[in-house]
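> dropping the sequence and predicted coords here.
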There are 2 protein chains.
Amino acid sequence: MTVRRSYGQYCAVARGLDVIGDRWTLLIVRDLLLGPKRYKDLLTGLPGIGTNLLAARLREMTAAGIIEWTELPPPAGSSVYQLTDAGLALEPAVTAIGRFGARFLGEPRRDDVLLPRSYFVAIRSAFRPGPAGRPETYEFHVDGLVFTVTAKPDGCSTREGAADDPDAVISTDVATLNALLLEGLSPQTALADGRAQISGDPAALDRFTGMFALHPAAAVDRSGA
Amino acid sequence: MTVRRSYGQYCAVARGLDVIGDRWTLLIVRDLLLGPKRYKDLLTGLPGIGTNLLAARLREMTAAGIIEWTELPPPAGSSVYQLTDAGLALEPAVTAIGRFGARFLGEPRRDDVLLPRSYFVAIRSAFRPGPAGRPETYEFHVDGLVFTVTAKPDGCSTREGAADDPDAVISTDVATLNALLLEGLSPQTALADGRAQISGDPAALDRFTGMFALHPAAAVDRSGA
DNA sequence: CGGAATCCTCTTCGATACTG
DNA sequence: CAGTATCGAAGAGGATTCCG
């Protein structure tokens, strides 16, 4: 409807920002990096976006060719938005901004919301291949959402949805997940306290947290408020 | 004055966007990657920004700690803005967005403006080390701006300002620079037509364009990194 | 019920004018 | 030169309503 606003510069950075520079756009991409999502999934996963703005962004992103609308095959059959190849090409940008933003993360603020999806995107670029064991698959249930993490010696992948044949299934809440990944909470403590449950290999949570130590070592807290 | 708007998500990507997500911010960073700039330099280098918005952005970026205000040593003595270490950490993000944006670049549109600074940021990530010769320094004069490019076997650096002891000094306009880098215009033709002048080693412009082939063909998908 | 379009208020943007 | 002040236009954010 509206003519897309452009910086009007013949520059790859400016042109990229013409496409992804609007508010919320890159956060929609972040969530879609974990797989296709329904409108409602995105809406509830991005508190504050407002339904009109989400609809507008999805329209613009579709027009730009970075997402597409499709229907999942039966039995799901739901209509979803997913990244195109051009949209997948945004992962390095999301990662780079995340690395930059990590230095401003500090401690959670009072009115910060913790979103499970964010962690399963973040760990992709925080993967430290362990002692080169065999590939391992974890299924996480966090606050009603389900994620699959597959760790191989040469990298890891994450997506939203259930795993085929996981080595372990871990259930927890996002606060505990944050504590495990960013605050050094030990898996033993989390399990003993009942903040996390595991079925399958009981040592899997240990190996998981070891592979994804996100502790902001060089974090410079500069939160203005 | 205004409370900075935040996504309110405890997520490195969202926090990063809280800092750099506002309109124009990342383009200011792009220009500052070439070195310190005065207010006026930024204003004229970013057509359309508007002086109040530039002032607001510089204030916010200073508060966030990604730029700082300083005075250049005599004899220049001008007051300038420059990136802090935290601001320099944005180069990977700028590069990643540039790689993504390259696929939307196409041909210049009627109302696109060509900005010399953009090219000297872009070539940083398009450097293909040549046949490992000795380091070479080029000084460019483009539409009243001066740039220094230093190419070494293991990388290249670019900055705004005159070179100390350049191997060649090249004068041209931004349209010709664009044609040389993106449209395959041959240096011989450019020099013969008088669209570019060179002093020093006359073959230097050949070596330069060879090192920085940005042609869409070569620019498309270098996403291996 | 999921997927939006509409309405309304508030903030931000962009351009111009003006000041130290 | 380096900003501040002002103002109309556009965009963001929230609630409600509509559509299938």
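Structure received.
> which of the residues in stretch A:26-44 are buried?
A:26-37, A:39, A:41-43 (16 or more other Cβ atoms under 10 Å in any protein chain shown). From N, CA and C alone the C-beta is placed, and that goes for glycine too.
> closest one of those to DNA strand C?
residue A:39 (3.3 Å; Cβ to the nearest atom of the strand).
> pretty sure that closest one contacts residue A:69?
No: with contacts defined as Cβ atoms under 8 Å, residue A:39 does not count as touching residue A:69, sitting 9.7 Å away.
> got any residues that touch both of those two?
Common neighbours of residue A:39 and residue A:69, using Cβ atoms under 8 Å, 6 or more residues apart in numbering or on different chains, are residue A:81.
> where does chain A have low pLDDT?
A:1-4, A:73-77, A:131-132, A:213, A:215-225 (pLDDT under 70).
> what about the helices in it?
Counting by DSSP state H, chain A has helices at residues A:12-20, A:25-32, A:39-45, A:51-64, A:85-88, A:91-102, A:116-122, A:174-182, A:187-192, A:204-211.
> output those as a markdown table; include the columns distance to DNA strand C.
Converted to a markdown table, the helices of chain A look like this (distance: least, Cβ to the nearest atom of the strand, whole Å):
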| stretch | distance to DNA strand C |
| --- | --- |
| helix A:12-20 | 11 |
| helix A:25-32 | 12 |
| helix A:39-45 | 3 |
| helix A:51-64 | 3 |
| helix A:85-88 | 16 |
| helix A:91-102 | 17 |
| helix A:116-122 | 16 |
| helix A:174-182 | 20 |
| helix A:187-192 | 31 |
| helix A:204-211 | 31 |
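> check contacts around the residue nearest to residue A:207 when sequence neighbours are not counted.
Leaving aside its sequence neighbours, residue A:207 sits nearest to residue A:130 (Cβ to Cβ, 6 or more residues apart in numbering or on different chains; 6.5 Å). Counting by Cβ under 8 Å, 6+ apart, residue A:130 touches A:151, A:207, A:210, A:211.
> neighbours of the first one, how many?
Neighbour count of residue A:151, defined by other Cβ atoms under 10 Å in any protein chain shown: 24.
> hmm, it is touching residue A:204, no?
No: using Cβ under 8 Å, residue A:151 is not in contact with residue A:204; the gap is 10.1 Å.
> for residue A:162, see how far away residue A:170 is.
13 Å (Cβ to Cβ, to the nearest Å).
> residues shared between the contacts of those two?
Common neighbours of residue A:170 and residue A:162 (Cβ under 8 Å, 6+ apart) are residue A:139.
> the more surrounded of those two?
More neighbours surround residue A:170 than the other of residue A:170 and residue A:162, with 26 against 13 (other Cβ under 10 Å).
> returning to that earlier point: hmm, which of the contacts of residue A:130 are the buried ones?
By 16+ other Cβ under 10 Å, the contacts of residue A:130 give A:151, A:207, A:211 as buried.
> surely the last one meets residue A:127?
Read that as residue A:211. Yes: assessed by Cβ under 8 Å, residue A:211 is found in contact with residue A:127 at 6.1 Å.
> which neighbours do these two have in common?
A:151, A:156.
> so who does residue A:199 touch?
A:168, A:169.
> ditto for residue A:64
A:19, A:86, B:104.
> from the contacts of residue A:130, which is closest to chain B?
Ranked by distance to chain B (Cβ to the nearest Cβ), these are led by residue A:211 at 17.9 Å.
> which positions in chain A make contact with DNA strand D?
A:2, A:5, A:22, A:23, A:24, A:48, A:49, A:50, A:51, A:52, A:53, A:56 (Cβ under 7 Å from any atom of the strand).
> repeat the analysis, applying 6 Å as the threshold.
For chain A, the residues in contact with DNA strand D (Cβ under 6 Å from any atom of the strand) are A:2, A:5, A:22, A:23, A:24, A:48, A:50, A:51, A:52, A:53.
> so can I have CSV of those showing neighbour count?
Converted to CSV, the residues of chain A next to DNA strand D look like this (neighbours: other Cβ atoms under 10 Å in any protein chain shown):
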residue, neighbour count
A:2, 6
A:5, 10
A:22, 18
A:23, 15
A:24, 19
A:48, 11
A:50, 11
A:51, 10
A:52, 8
A:53, 15
